[in-house]
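1. Sequence and computational prediction follow.
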Amino acid sequence: MAREMEHPLPHTAMERPLAPRESRWKEFWRLLRRNRLAFLGLFIFVLFFLIALTGLFLTSGTRPVFDPAVVRLEEKLRPPLSSPKSEILVSDTIPRLGLYLFGTDELGRDVFSRMMQGAWVSLTVGFVAVGIAVFIGIFLGGISGYYGQNAVRADQMLLVVALLLGVGLLVAGATAAGAALLIAGGTYLVFSRWWKKKEGKRAASGWTRVLWAGTISIDTLIMRFVDIMLCFPSFFLILTVVALLPASIYNIMIVIGLTSWMGTTRFVRAEFLSLKDQDFVTAARALGVSNWRIIFRHMIPNAIAPVLVSATIGIATAILTEAGLSFLGLGVPPPHATWGNILSDGKNFIFDAPWLTFIPGVAILIVVLSFNLFGEGLRDILNPRLRERS
Amino acid sequence: MLSIQDLKVYFFSDSRVARALDGVSYEARKGETVCLVGESGCGKTVSALTILRILPQPPGRIMGGKILFNGQNLLDLDEEKMQKIRGRRIAMIFQEPMTSLNPVFTIEEQIQEAILVHEKVDQEEARQRSIQLLRDVGIPSPEERLKDYPHQLSGGQRQRVMIAMALACHPELVIADEPTTALDVTIQAQILNLFRELKRKREMSLLYITHDLGVVANIADRVYVMYAGVIAEQGEVAHIFHDACHPYTQGLLASLPTRAKRGKTLHSIAGTVPNPAYKPEGCPFHPRCPFAIETCRSQFPEMCDYGGGHLSRCPVLYER
């Protein structure tokens, strides 16, 4: 059958690329432009980012441009867009814009300045908390999906417990004990790898089957832990933790992050389970690519789309949670303004000064809505099966 | 060079054991093209995955046998040593070019990875080698193609890229698992020619897995016919095509369409391939075999030697 096709090279003109040449980013941009709501969401998101960034610079320092901390008791509860009575104010305390854009609160502080300051808090809380959640989620979900079928070994469990406890003790202040645990864990890790290389088998094999180790899989362990975490009413968990820990913005970020990684873990696990059997993963293994490289270079980039979507929506949730905590008085401590505590302070004057609740409320609404719209749009764009619909 | 001896791979599910490979032996010598032929599910792909030790375990488990590669038993090696053999000394090409490339990376990144996993070369050299590899496998204007993503290439081009990746580190043995099954016939002929040409240039052995006897006639030096996890017949191409001594091989050849049979109903082998979890006793082919006698039901047949490397697992025909 091949007599007449002895020379393959000239015939390759038949094999031209099928798809038009369009880079991934261009295609992404085109689809985003077509999805108006998502585009609007992205626009507001970028705007919010810029406002928060300028807000950080304009409201901090020794002589900020917009000083959120200046108290003008003569000018309290002025409505938005009213001009300051310059005759009774010291010239330093006149707002830089020449008018109270968003009015003043019960202490005569400029709400516009306070909103600028609070935007940065909302942004960082959203991003850092979701960053922590995504990191934990990809790590646990990846292990669960890729190594899930392996049985848990007791030395692995002890190692994880020792390392976690070590980090916990270090953070909590017991430096010596924490460092000792970390060093012990690290030494065991190095030792077991070395032993395996030398002897060709695992260091601990006989005693690893104590308790349930060896009978349940890593997948079961991690996914049941996710189920347990999901059973907690997370807002009350956060409330409890925040009540026990010293109130600071970092504690809040960490606590929100540590209570919102479960969804990402499930996403990543599901993606990994289906990716693991894909031909290109088998092909990579047949080329001699190592397991870690397969996970990080081949699987995570393919699994990242749903994670990105849930992260975008997660940022909105984190901003809401932070606002809720601040509203309840358990968030960022008072002198610092956040949208939540502006709202909380304003609720006492809701009939006299409705703008104090209205302005931060609407700001939260717009930002959360824009993140949600962008997240949903992202899902439609990144999932080729949903593309036809839009 | 590669010699598989009495390899047994079983798949364990909840209550059943599927004997995917039940004592398979075959070998590929240096510079030789060996074809494994058989129906779907007869264990061809499983044996290939087992050679590279990338069979999913569980559910699969290697129950016995040896895989000797240049005298070394691959089943004794640990994962790290296996990683150094995969891709560098034994490479594999898969059936589906559509899904065997990672959709999120460019061709360049994927070919370079194949090189960089095993060899310490700088970026520029890796790039030059990638271009040369693409040229070797007959992709026009390789410099431009390097920037493409897999979805921008056609099926035939993707399979060529897969071949380029497999050849990246000059392996001694290439396992091709039905590399042309997913392609149309003209592209298939081009790819087969490519294989023949590459093999001549690079002096590598080729283990070619297929279910297409036309392909076998086209490229093989020697042929192993597999049925239900065992080798039914083995020999050189001429032995198999002109002097088939196993009823299964005869059945396969009889069902090939030819000019002489134009207008007539094609022959087909009665019955279906046995479920590997419920294989019949005795000769696995006996329920479908026109020559089956009473002993076939109970006794597993031995290989009968016809001389010249031609062996067949059918004592009934041997005695006639």
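-> Sure, I can see it. As the structure is a prediction and not an experimental result, all values here were calculated from the model.
2. okay, CA-based contacts and neighbour counts for the rest of this
-> Noted.
3. Report how many residues lie close to residue B:265.
-> 9 (other Cα atoms under 10 Å in any protein chain shown).
4. Helix, strand or coil: sort out it for me.
-> Of the three states, residue B:265 takes coil according to DSSP: H, G, I helix; E, B strand; the rest coil.
5. Torsion angles phi and psi at it?
-> Backbone torsions of residue B:265, given as degrees, to the nearest 10, read phi -70, psi 130.
6. Next one: it, what pLDDT does it get?
-> Confidence at residue B:265, expressed as pLDDT, is 79.
7. ok, which residues in the stretch 1-150 of chain B are in contact with chain A?
-> When proximity is defined by Cα under 8 Å from any Cα of the partner chain, the stretch 1-150 of chain B lies next to chain A at B:52, B:54, B:78, B:82-88, B:91-94, B:96, B:99-104, B:114, B:117-118, B:138-140.
8. Inside helices: which ones of the residues you listed?
-> Counting by DSSP state H, these place B:82, B:83, B:84, B:85, B:114 in helices.
9. out of these, which one sits closest to residue A:323?
-> The shortest approach to residue A:323 among these belongs to residue B:114, at 50.0 Å (Cα to Cα).
10. residues near that closest one, how many?
-> The burial count for residue B:114: 25, using other Cα under 10 Å.
11. Which two of the ones in helices among the residues of the stretch 1-150 of chain B next to chain A have the greatest separation?
-> Between any two of those, the greatest separation by Cα to Cα is 15.3 Å, found for B:82 and B:114.
12. related to what we said a few turns ago, got a ChimeraX select line for the buried ones in the residues of the stretch 1-150 of chain B next to chain A?
-> Selecting only the buried entries of the residues of the stretch 1-150 of chain B next to chain A in ChimeraX, with 16 or more other Cα atoms under 10 Å in any protein chain shown as the criterion:
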select /B:52,54,82,83,84,85,86,87,88,91,92,93,94,96,99,100,101,102,103,104,114,117,118,138,139,140
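13. Which ones among the residues of the stretch 1-150 of chain B next to chain A map onto strands?
-> B:91, B:92, B:93 (DSSP state E).
14. So which elements touch whichever helix in chain A runs longest?
-> Scanning chain A for the helix with the most residues, using DSSP H, yields helix A:111-146. Here helix A:111-146 touches helix A:36-59, helix A:218-231, helix A:249-258, helix A:262-276, helix A:300-327, helix A:339-346, going by 3 or more Cα pairs under 8 Å, 6 or more residues apart in numbering or on different chains; DSSP states H and E.
15. picking up where we left off before, with pLDDT added, can I get the ones in helices among the residues of the stretch 1-150 of chain B next to chain A in a markdown table?
-> Below are those laid out as a markdown table (pLDDT from 0 to 100):
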| residue | pLDDT |
| --- | --- |
| B:82 | 84 |
| B:83 | 85 |
| B:84 | 85 |
| B:85 | 85 |
| B:114 | 86 |
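16. Closest one of those residues to chain A?
-> Of all these, residue B:83 has the smallest distance to chain A: 4.3 Å, by Cα to the nearest Cα.
17. gap between the closest one and residue B:77?
-> Residue B:83 is 10 Å from residue B:77, where distance means Cα to Cα, to the nearest Å.
18. got the residue ranges for the helices in the stretch 51-200 of chain B?
-> B:79-85, B:107-116, B:123-136, B:142-145, B:155-167, B:185-202 (DSSP state H, counting those that start in this stretch).
19. Please identify the deepest-packed of the helices and strands packed on helix A:111-146.
-> Compared across those, helix A:339-346 shows the largest average neighbour count, a mean of 24 (mean count of other Cα atoms under 10 Å in any protein chain shown).
20. same for the helix or strand following that helix, what does it pack against?
-> For helix A:339-346, the following helix or strand on the C-terminal side (DSSP states H and E) is helix A:355-382. Helices and strands touching helix A:355-382, by 3+ Cα pairs under 8 Å, 6+ apart, are helix A:24-34, helix A:36-59, helix A:300-327, helix A:339-346, helix A:384-387.
21. what comes up buried for helix A:355-382?
-> Buried, per 16+ other Cα under 10 Å, within helix A:355-382: A:355-357, A:359-361, A:364, A:366-382.
22. re the thing from before, save the helices and strands packed on helix A:355-382 as CSV, and put in mean pLDDT too.
-> CSV is the format used below for the helices and strands packed on helix A:355-382 (pLDDT from 0 to 100):
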stretch, mean pLDDT
helix A:24-34, 80
helix A:36-59, 88
helix A:300-327, 85
helix A:339-346, 85
helix A:384-387, 57
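23. And those: which comes nearest chain B?
-> Between those, helix A:300-327 lies closest to chain B; by Cα to the nearest Cα that is 6.7 Å.
24. At the geometric centre of chain A, which residue sits there?
-> With distances taken as Cα atoms, centre = their mean, residue A:130 lies nearest the centre of chain A, 1.2 Å away.
25. Excluding covalently adjacent residues, which one is nearest to residue 313?
-> Reading this off chain A. Spatial nearest neighbour of residue A:313, excluding adjacent residues (Cα to Cα, 6 or more residues apart in numbering or on different chains): residue A:372 at 5.1 Å.
26. look at chain B instead
-> The shortest distance from residue B:313 to any non-neighbouring residue, by Cα to Cα, 6+ apart, is to residue B:303 (4.3 Å).
27. Perfect, I'm done here.
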